[in-house]
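>>> Next come a sequence and a model predicted from it.
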Amino acid sequence: MLNKGGKRAWRGLLMAAALLWASAAAAKGPLYLWELSDARGELRAWLYGTIHVCDAACFPLPANVQKALAAADSLALELDPADPLLARRLGEAALLPAGQQLDALLPPALRPRLAAVAARLGLPGEVLQRLQPWMAGTLLTVKAAQQAGFGTEHGVDLWLARAARARGLPLAALENVDRQIRALAAGGAAAQRASLAEVIGLIEDDAAPTYFAGLLAAWRAGQVEQIDRLVREDAASPEMAPLLAELLDARNHEMAEAIAARLQPGRRAFIAVGAGHFGGAGGLLELLASRGFRLRQVEAEHD
């Protein structure tokens, strides 16, 4: 297993490779979009991998993505971003019990590092101290993404939801917010500490801009294997394995079942979930193929 220095060096090389490859392939090549057909070859849906934080350069979405959405009769996302329950449940679950502080859950050596990166990102330390470890890590990640020029306001899921509502297209959620909260909070105390430490290390190393740029470049180039490596590389430690198993693997199986249930004869859904759920053993592409569906990755059009 790589040590911290080796892992960070490998992460930098991986990001550089993603950026170089994608810059060569961006003009023409595969999109993060698949046609899903049944065993007879009848088109049932489009499956699209999304990025939850992006920048203005993500839009407009590629022409074939827009064509697929225009031809669909419904949209399915992980969650409906306009669901009023979403913010309320997240806010309730994010807080530690009254009187408890985040530092009490962390090893002593991690506490000053947390305070330092919070100050660096302009986050009041007292705010973080009230949060569960998973929400503290999420907030730090979002703030680091914003400083790197990426934000949730440019999230592809949000754009798709708005486009569907503008057309009057039915919108369904594949999950509910409580399921996502359970996944984010999963793995036990050691996994939660390890996950927060990885986020802190990313910020300390000034690696967030490269990380998000590499993720975006691989997404634009339709590189499923690259995305899978980027998502899983920093979660490869034994401590984080239980969290990864719940956050990705278990949810992949559940979402594959929910997606398969929507692939009805005569219907053509546009289904969009996070790009990190697609690749590797137990990813959505493999799971849907094992159910007898045919998947064809869509190519970008020439400008």
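That came through fine.
>>> and stretch 58-73, which residues are buried?
With burial defined by 16 or more other C-beta atoms under 10 Å, the residues of stretch 58-73 counted as buried are 58, 61, 62, 64, 65, 68, 69, 72. All C-beta spots, glycine's among them, are computed from the backbone N, C-alpha and C.
>>> and residue 218, how many neighbours?
If you count neighbours by other C-beta atoms under 10 Å, residue 218 ends up with 28.
>>> give me phi/psi at residue 50?
Main-chain torsions, residue 50, degrees, to the nearest 10: phi -110, psi 160.
>>> Surely residue 148 and residue 216 touch.
No: taking contacts as C-beta atoms under 8 Å, residue 148 lies outside contact range of residue 216: 10.2 Å.
>>> For these two, indicate the residue with more neighbours.
For residue 148 against residue 216, the residue with the higher neighbour count under other C-beta under 10 Å is residue 216, and the figures read 21 against 18.
>>> and the gap between residue 45 and residue 283?
Counting by C-beta to C-beta, to the nearest Å, the separation of residue 45 from residue 283 is 17 Å.
>>> Between these two, which is the more surrounded one?
The neighbour comparison of residue 45 against residue 283 (other C-beta under 10 Å) goes to residue 45, with 27 against 21.
>>> I'd assumed the more buried one was in a helix, is it?
No: when DSSP: H, G, I helix; E, B strand; the rest coil is applied, residue 45 is found to be strand, with no helix at that position.
>>> Could you pull out the helices in the stretch 151-300 of the chain for me?
Along the stretch 151-300 of the chain, the stretches classed as helices by DSSP state H, counting those that start in this stretch are 156-167, 177-184, 188-204, 208-220, 224-233, 241-244, 251-262, 284-290.
>>> Indicate which one of these is closest to residue 269.
For those, the distance to residue 269 is smallest for helix 251-262, at 5.2 Å, taking C-beta to C-beta.
>>> May I see the helices of the stretch 151-300 of the chain organised as JSON lines, with distance to residue 130 added?
Rendered in JSON lines, the data for the helices of the stretch 151-300 of the chain read as follows (distance: least, C-beta to C-beta, whole Å):
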{"stretch": "helix 156-167", "distance to residue 130": "27"}
{"stretch": "helix 177-184", "distance to residue 130": "16"}
{"stretch": "helix 188-204", "distance to residue 130": "15"}
{"stretch": "helix 208-220", "distance to residue 130": "23"}
{"stretch": "helix 224-233", "distance to residue 130": "28"}
{"stretch": "helix 241-244", "distance to residue 130": "22"}
{"stretch": "helix 251-262", "distance to residue 130": "27"}
{"stretch": "helix 284-290", "distance to residue 130": "35"}
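>>> most tightly surrounded among those?
Mean neighbour counts were taken over the helices of the stretch 151-300 of the chain using mean count of other C-beta atoms under 10 Å, and the top value, a mean of 22, falls to helix 208-220.
>>> orientation of it relative to helix 156-167 in degrees?
Using axes from the mean of the first three to the mean of the last three C-alpha atoms, to 10 degrees, the interaxial angle of helix 208-220 with respect to helix 156-167 works out to 50 degrees.
>>> For residue 136, give me its contacts.
Residues near residue 136 by C-beta atoms under 8 Å, 6 or more residues apart in numbering: 102, 114, 128, 196.
>>> if you look at those, which of them are in strands?
Of the positions in the contacts of residue 136, not one sits in strands, assigned by DSSP state E.
>>> out of those residues, who's nearest residue 87?
When those are compared for distance to residue 87 (C-beta to C-beta), residue 128 comes out closest, at 18.8 Å.
>>> surely residue 142 meets residue 123?
No: counting by C-beta under 8 Å, residue 142 does not reach residue 123; the two are 10.1 Å apart.
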